[in-house]
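[1] Coordinates only, no sequence provided:
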């Protein structure tokens, strides 16, 4: 979505009502209020974090654009009269902004862009969308409306001379735009310096007018051409800058505009960050951190990533999905009240009610934990609430520490894995993360082959990787890593020492030199065999020994820290794992749902009478279901009379099972009416349509007919 | 070369005019003789046509301004509705007549109003004794306005009963204008393209003050040698000349060659111009970037043009959808069974290909296909099962908005929608990789 332009129904109405819904729907457990508040505050934190991330990511692009814009009309500012300037054709400065196919994310970028421009360059910005501009007239109207309104906004403080002009009164032509521009710039010129020093120093005397075409692809050629031709004739009076928002590739400019028009433009290309990198950053900052107590389970993360990669490339949708996970988790899991920052955990654990304690006892991971304890402790845990609370707090702290360590070690492992040929465990850290969450990563084949490959790394690579690991571990907040860092540093110094002991290798080199001297075939063969022997039994060099040691050490770290979260006690509290729920929400299947509803009404209506077995057609089902089922048995063209006959047979079977078949020759009027209604309902749903080939037939529009 | 002569206008003005419109003397003298003296009625409407940048607009404008004939000059692209166009003519008439800034807003919706208001305006300007010229540039746009606009302009003299001449400027011939119902035939006049000699003469006229005219004219000669094959647009050529002149002067500035050293200068500039033809001229890189490159002395290779960024990243299923759409567009329906079914029957090789199908389908362009066929092909080319979720359907719509697919005949919502694939084989190859 690029792709989907969903109306934002999923947007939570953060109101009292929602809190109420939260409570009333789950009466069985307490703390709903608290859960709601926690959920809200967590989401707000995450939201501000993501906004920050996005701002940082777009900064480079926006800076470049601002730079371009400030450069673009410098000639207009200086009013140079040099020969070259006189001779040169005045082109319209144009920025082609390639944003990628994730159209849903563009809005945010454009909003950021217009904010930045407003602050730095010009107050005159118009954002145009293709759907508003089917013709040049609409485009001009839209453009002038936006520009003149924005001016009114700026000057709203001193509106005596600001005449409120209504839309249709304005003559939508370039000349009125120009006269407006002149009047506006003149006004700021003549202003007393004290009054509005601030704003006039921010912008120059004649700020450019920026027109942003949000979705270049959807504009019609004619509109764009006309607009560019018109504005190029007035570029001397109106410093216009165009920005094309492009979703596909800049080639589209050449496809949309003929050479005679594109030669009026001075196009520069700007490329935004690819959405995949964007996602990586988001995952890195939101999920692979111990800052937020809430975590995604493996399946859920996989669902979100799959939707991103397979369907829409939209980071916004990913975040929306993440938000849905949070809401769903806090809504459905009563114990999610404990999913909070570590400082609050203690207080919250001790205020848990008895019901909640029972909830804890019911958690599968907790049950497993209890089973492992000795019998005395088992009884305590299962009967004594306060003991349970103590234990819970301890376990939650453990879980927190586990997360901190997990993230650091995961990053270290990623350093080693990411540069391997063929990427057995994936190139991105998110893939590694999924693999680790899914199962014990060290038991997988991919892990085995990756370690094999790490064992073949050369020295310089290994040293740089170790250095990176040291940096990661030093910066992590986990306390346990002092020893690990020590160990890594030791490895590094050992590698350093190896330099001196590199003479050994010369021996083998010399033997190869010998080989080159000999010309006798027999001798050659012999030496080759010898060489082979020696290689097989050759003692490992010091470097190789050390490399093995490093790999073994990493392996031990992985086994210790990268245990899948499912194995941790109380993981249900912070991990959201209901992938099916999420899939149902995010990956709707309208066709399937419709088919289920019509084919098996019991599924939705939950009426026992409707429960049918096998392929039989129940006569108690709604008419449309009967008609639908009957039509499934037909070919591409359906004879209405036959259909009606079949329908009446099914319906009559219910009413008078032992009626005289001779009397039912004439179809009852009511049944006829019911049939017609059901058929027209099917037509409305798009299953059939009237056919022109045969007047008393309808054509099927769905699968099955042939 | 005919010198411009006309008894009605002072000789000095005519001489000045002649210097301003090189290579168009014959057309100007022709126009002058049609116009006649100031107070004489002229032909009601004149139609001037000629290729892009053959000087139509420029000649008309200079002619009317240097001789100070009363005129109104309107571009029909800019005033895209008849109302705007008519109002603009009236506004220009008013503003040139009255010195006061305040002109009352004109409202003119129909031609009837226009004729009335026009008469008033002319009367208030006391122009009865002079011919008023209304020049409509890019007149081909008039055809898209209301049907009565063009015929009315052609007979405006008769309708308003004033001394007015309408001049239409267009790039297409009169035959394409003529309405079905017939109309007054204007006097047509053709402006031929500038020849290479003309171009040379016109371009050399404006030489930079620092350098001699000969030096600049030698430069123009080289420039035309490179670009004349692809571009005869005067405006464009002048732009290119200005862009690349700095490079041409470089050896002279550095003192390596003097202004007469044409051979050396040619060697220096020729490859540069060729490169410019491939980049700036096609607008692959912008002129300002080109200038920047020249300034830094960098190679244009480092700057990638617009066409270099052809790669489009698409989500996994969008790629498959697009490939499926391409297959559906270029393969005949009959072959679907053979290509996408596991157990298709044997097909006799003879008469499998009908004669007309021997021509490559790529030459015939994409054919429309129904949605169901697209989905069927999608299901068979994707390895694992694809659920027909809303996400898949919305991707199809998104591909349409991105103009990678296009919708054909969307009048009936219930009818299965039909699409066409609009991307090229190269594009498909790139994403299929």
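    Cool, got the structure. It should be emphasised that the depicted structure is a prediction, and the values quoted were computed from it without experimental measurement.
[2] now the helices for the stretch 401-550 of chain A?
    A:429-438, A:445-454, A:459-475, A:482-498, A:504-517, A:521-537, A:542-561 (DSSP state H, counting those that start in this stretch).
[3] in chain A, which segments are predicted with low confidence?
    Across chain A, the ranges flagged by pLDDT under 70 are A:1-30, A:74-89, A:150-171, A:188-205, A:477-479, A:499-520, A:533-540, A:612-617, A:654-667, A:703-706.
[4] next one: whichever helix in chain A runs longest to chain centre, how far?
    The longest helix of chain A (DSSP state H) is helix A:32-72. In terms of Cα atoms, centre = their mean, to the nearest Å, the centre of helix A:32-72 is found 14 Å from the chain centre.
[5] In terms of secondary structure, what does that helix contact?
    helix A:16-25, strand A:92-98, helix A:103-120, strand A:240-246, strand A:265-271, helix A:275-286, helix A:315-332 (3 or more Cβ pairs under 8 Å, 6 or more residues apart in numbering or on different chains; DSSP states H and E). For the C-beta atoms, the positions are set from N, CA and C on the backbone; glycine is no exception.
[6] Which of the ones you listed has the highest mean neighbour count?
    strand A:240-246 (a mean of 25; mean count of other Cβ atoms under 10 Å in any protein chain shown).
[7] Direction included, what does that one pair against?
    strand A:92-98 (parallel), strand A:209-213 (parallel) (DSSP bridges).
[8] thinking again about what came up before, tell me the most buried of the helices of the stretch 401-550 of chain A?
    Of the helices of the stretch 401-550 of chain A, helix A:429-438 is the most buried (mean count of other Cβ under 10 Å), at a mean of 21.
[9] Quickly check: stretch A:218-234 near chain B or not.
    Yes: counting by Cβ under 8 Å from any Cβ of the partner chain, chain B has neighbours in stretch A:218-234: A:218, A:226, A:229-230, A:233.
[10] What are the buried residues along that stretch?
    A:218-219, A:223-234 (16 or more other Cβ atoms under 10 Å in any protein chain shown).
[11] what would the residues of stretch A:218-234 next to chain B look like in TSV with secondary structure?
    TSV is the format used below for the residues of stretch A:218-234 next to chain B (DSSP: H, G, I helix; E, B strand; the rest coil):
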residue	secondary structure
A:218	helix
A:226	helix
A:229	helix
A:230	helix
A:233	helix
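[12] From residue A:220, how far off is the residue of the stretch 1-150 of chain B found nearest chain A?
    The nearest approach of the stretch 1-150 of chain B to chain A comes at residue B:78, 4.8 Å away (Cβ to the nearest Cβ). Residue B:78 is 18 Å from residue A:220, where distance means Cβ to Cβ, to the nearest Å.
[13] can you list the domains in chain A?
    A:57-75+A:89-151+A:206-273, A:278-462+A:560-576, A:590-700 (the TED database).
[14] For residue B:154, find the nearest of those.
    Closest of those to residue B:154 is domain A:57-75+A:89-151+A:206-273, at 24.2 Å (criterion: Cβ to Cβ).
[15] how distant is the closest one from the center of its chain?
    With Cα atoms, centre = their mean, you get 27 Å for domain A:57-75+A:89-151+A:206-273.
[16] swap in stretch B:165-182?
    19 Å.
[17] how about it, does it reach chain A?
    No: Stretch B:165-182 does not reach chain A (Cβ under 8 Å from any Cβ); its nearest approach is 10.1 Å.
[18] Can you list the buried residues in that stretch?
    Neighbour-count burial for stretch B:165-182, counted by 16+ other Cβ under 10 Å, picks out B:165-170, B:174, B:177.
[19] Keep only those of those that are in strands.
    Of the buried residues of stretch B:165-182, the ones assigned to strands by DSSP state E are B:165-170.
[20] could the helices and strands packed on helix A:32-72 be laid out in TSV, adding distance to residue A:625?
    Below are the helices and strands packed on helix A:32-72 laid out as TSV (distance: least, Cβ to Cβ, whole Å):
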stretch	distance to residue A:625
helix A:16-25	30
strand A:92-98	50
helix A:103-120	37
strand A:240-246	47
strand A:265-271	53
helix A:275-286	43
helix A:315-332	32
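[21] For residue B:313, which of these is the nearest?
    Of all those, helix A:275-286 comes closest under Cβ to Cβ, at 7.5 Å.
[22] Flag every residue of the stretch 51-200 of chain B that's near chain A.
    Looking at chain A, the residues of the stretch 51-200 of chain B close enough under Cβ under 8 Å from any Cβ are B:52, B:75, B:77-81, B:84, B:87-88.
[23] Helix, strand or coil: sort out residue B:40 for me.
    coil.
[24] coming back round to it: make sure the residue of the stretch 1-150 of chain B closest to chain A is indeed in a helix.
    No: assessed with three-state DSSP, residue B:78 is coil; it does not lie in a helix.
[25] List the residues that contact it.
    The contact partners of residue B:78, taken as Cβ atoms under 8 Å, 6 or more residues apart in numbering or on different chains, are A:173-174, A:230, A:233.
[26] do residue B:219 as well
    Contacts for residue B:219 (Cβ under 8 Å, 6+ apart) come out as B:241, B:245, B:248, B:265, B:269.
[27] pretty sure residue A:562 contacts residue A:412?
    No: between residue A:562 and residue A:412 there is no contact under Cβ atoms under 8 Å: 10.0 Å.
[28] quick one, strands of the stretch 51-200 of chain B?
    B:71-75, B:132-137, B:164-170, B:187-191 (DSSP state E, counting those that start in this stretch).
[29] want to throw those strands into CSV with mean pLDDT and distance to residue B:364?
    Listed next are the strands of the stretch 51-200 of chain B as CSV, based on pLDDT from 0 to 100; distance: least, Cβ to Cβ, whole Å:
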stretch, mean pLDDT, distance to residue B:364
strand B:71-75, 89, 40
strand B:132-137, 90, 40
strand B:164-170, 91, 34
strand B:187-191, 90, 38
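[30] out of the ones you listed, nearest to residue A:447?
    Checking the strands of the stretch 51-200 of chain B against residue A:447 by Cβ to Cβ gives strand B:71-75 as the closest, at 70.9 Å.
[31] My reading is that residue B:383 is in a strand; is that accurate?
    No: according to three-state DSSP, residue B:383 belongs to no strand; its state is coil.
[32] Ramachandran angles for it?
    As for residue B:383, its main-chain torsions (degrees, to the nearest 10) stand at phi -70, psi -50.
[33] how about residue B:419, what does it touch?
    Residue B:419 neighbours (Cβ under 8 Å, 6+ apart): B:325, B:368-369, B:371, B:374, B:396, B:400, B:405-408.
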